[in-house]
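Chemist: structure here, sequence nowhere to be found:
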């Protein structure tokens with residue numbers, strides 16, 4: 001394999017790894033928010049609160065703790081973006 005082909009092969013691998021990491025990051029961003037919203041939670045910041053509650057009770061080792069710590073700011077951002085949905089839904093739910 002020539003030097004040029006080797007370099008282009010490494011570029012393709014780097015691009016594939018970068019794309020995979022980006023896809024993983026986007027698919028797990030705000031994971032708790034995605035989960036609780038999908039389950040029908042109507043409380044504002046339910047995903048962030050869920051992450052923080054799990055962090056307080058977590059005794060499952062450093063790997064889960066690291067994932068939860070990484071998810072808190074992502075869930076906070078997702079919860080904030082969902083406020084126009086969760087606030088009216090929470091009010092409607094409270095009025096039932």
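Modeler: Thanks, I have the structure now. Worth saying up front: this structure is predicted, and the values here are computed from it rather than measured.
Chemist: how many neighbouring residues does residue 42 have?
Modeler: 17 (other Cβ atoms under 10 Å). Using the backbone N, CA and C atoms, a C-beta is placed for each residue, glycine as well.
Chemist: hang on, isn't it packed against residue 89?
Modeler: Yes - using Cβ atoms under 8 Å, residue 42 is in contact with residue 89, at 4.0 Å.
Chemist: low-confidence regions, the chain specifically.
Modeler: 1-9, 17-30 (pLDDT under 70).
Chemist: can you give me the buried ones in stretch 66-83?
Modeler: 68, 71-72, 74-76, 78-79, 82 (16 or more other Cβ atoms under 10 Å).
Chemist: what comes into contact with it?
Modeler: 28-34, 37, 44-48, 50-52, 54-55, 58, 86 (Cβ atoms under 8 Å, 6 or more residues apart in numbering).
Chemist: so of those, which ones are in strands?
Modeler: Per DSSP state E, strands hold no members of the contacts of stretch 66-83.
Chemist: and the buried ones among those residues, selectable in PyMOL?
Modeler: Listed next is the PyMOL selection for buried residues among the contacts of stretch 66-83, using 16+ other Cβ under 10 Å:
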select buried, resi 29+30+31+32+33+34+37+44+45+46+47+48+50+51+52+54+86
